[in-house]
Structures are given as structure tokens and as C-alpha cells.
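Visitor: using only what follows, build the 3D model:
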Amino acid sequence: MTDNDKLFAGSIPELYDSYMVPMIFEVYAADLAERAAACKPMAVLETAAGTGVVARALSRLLAPDASYIVTDLSQPMLDHAARRHGPDDRIAWRRADALDLPFDDASFDVVLCQFGVMFFPDRVAGYAEARRVLKRNGRFLFNVWDHIEANEFAHVVTAAAATVFPDDPPRFLARTPHGYHSLDLIRADLAQAGFSDVSTITLEATSFAPSPRHPAIAYCQGTPLRNEIEARDASLLDHVTERAAQAIAARFGDGRVTGKIQAHVATAVR
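Guide: Okay, the predicted model is just below:
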């Protein structure tokens, strides 16, 4: 992972929320929210919350007197999440590093993280911090994307970008969002962080988009893949986006398109 892999700034938060969230994140956010709510938590911490898709799903399921702290390392993403969510006295929005949480030991019933641990520069440290702030028998819930070949739009877009930059293909999607998919490694990292009671499940779903251009814009301009493209040649951003749209159309059709997505969900008990 590079520093640019964590750079969600400029127009990326708005594009991310408008394009990426409904296309691939909402279905898994609903699943994670239901798993968290089933624990009947009164104190919840979310790390790497992005633009707040899980917060929007989980806040509807929490008790009226529950507390919910939503954090992210990126202030622009967090600001967008707070604006999008609207007023809610149960929620506090705080910029925080998941590897160095500014909270006391044993403060939360549930810690959750939606597609964020892949961005942690030290995942074991991040898991250890989640364990530290959990109460006894508290749950740490998170999800990660499976390998890129099991996520069709991301795979096609990555291949299309490589045709524009064959000598130095942008590999952000394969390297980071889809680069931490080994269940054996995930379990080993959690064990190293102190968790002994761990369960995982793999969930396949379907991604929907109104046109081939929609996922092309989502991935090329609404994620840090954009930073990689612009670092190579900023004038080619629209060209790469169009090349990706053409590749998606060639495989999935010219109208409304659907593609497979797949992710792992992990539950670790303190």
C-alpha cells in the first residue's frame, strides 16, 4: 500500500458516495449493521467509516439511548458522512486513527469496520486497538473484499486501465481493496492481536449499475485509483474512464449492468 492509497480527498468523497456506495457497499453495510445490532450494543465504535454508509444503516437499528462514535482518518470523508447523515444526538463524529484510538480501555460493546482494515498500515496493531477498547465479550466486526477476480467490475476496470499504461499499470484496486483476502492470514493476524474466538463467512452478492459508464466513473474517479492514473498522466483520466466503460459494456452489455461481488465478514470476540 502506498500513501496515495489512503488519500480520499478533493472530489473523491462525493463521487465515492454517489457512485461506489449504492453499487457495491450498501448491501454489505446492511449486513454488517444487522450483525452489530443483533449484539444489542449500548456503546458502538466504528473505525474507517468512510462516507457513513454503515452509520446510516446501523443508526436505524440502535436503541434510542445507545451511543455511537463514528471515526475516520480522512476528515473530508468524515465531514461528508456527517452532512449526509444529518442530526442524531446518539452519534459523535470524530477524526481518529484506528491504530491509535483516543478511547479508554473496555469502552465499547461493539467495534466495527466496513472495508477499512485493508488500508491499515499495520493490521495487527489495528486489531489490538479494537480489542483494547472492547468490553469483555464485546464483538469486533469487519468485512474485507475477496480477491479481485471474484469482484467483476473492479477486475474489468483494472484490466482496462492496464491497456492505457501497459508499462506501469495502476494496481490500486488489486493491491489494496482486494489485496487482503486470505482467511488464513486474517485469522492469524487476529490471533496475533489477542483474539482467540474468531469466525468468518464469505458472502456473494450482485452489484448493479445503470450503465457501463457508472462503474467506470466509480472506480476511476471515485477511488484512489484516480490518484494513480493522474500520477501517470492526468490528461488521460477521462480516456481511462472511457476505456473502462467500453470494457464493461463489452462484457456485461450496453444498458443496465450487473456483476458479481464477494466479501468476507469476520467476527472476533474479546
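Visitor: for the rest of this, base every contact and every neighbour count on C-alpha atoms.
Guide: Noted.
Visitor: residue contacts, the residue nearest to the spatial centre of the chain?
Guide: Closest to where the C-alpha atoms of the chain average out (CA atoms, centre = their mean) is residue 115, at 2.8 Å. Contact partners of residue 115, counting by CA atoms under 8 Å, 6 or more residues apart in numbering, are 48, 142-145, 177.
Visitor: next one: residue 52
Guide: Here residue 52 is in contact with 78, 81-82, 84-85 (CA under 8 Å, 6+ apart).
Visitor: apply 10 Å and report the result again.
Guide: 17, 21, 29, 46, 58, 70-72, 77-85, 114 (CA atoms under 10 Å, 6 or more residues apart in numbering).
Visitor: next: residue 125.
Guide: For residue 125, the contact set (CA under 10 Å, 6+ apart) comprises 98-100, 131, 189-190, 192-193.
Visitor: hmm, try it at 7 Å
Guide: 99, 193 (CA atoms under 7 Å, 6 or more residues apart in numbering).
Visitor: with distance to residue 236 added, can I get the contacts of residue 115 in TSV?
Guide: Formatted as TSV, the contacts of residue 115 follow (distance: CA to CA, whole Å):
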residue	distance to residue 236
48	30
142	35
143	33
144	30
145	28
177	23
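Visitor: of the residues you listed, buried ones?
Guide: Among the contacts of residue 115, those scoring as buried are 48, 142-145, 177 (criterion: 16 or more other CA atoms under 10 Å).
Visitor: what is the helix ranked longest in the chain packed up against?
Guide: If you go by DSSP state H, the chain has its longest helix at helix 237-252. With contacts defined as 3 or more CA pairs under 7 Å, 6 or more residues apart in numbering; DSSP states H and E, the packing partners of helix 237-252 are helix 152-164, helix 213-221.
Visitor: hey, which of those is tucked in deepest?
Guide: helix 213-221 (a mean of 24; mean count of other CA atoms under 10 Å).
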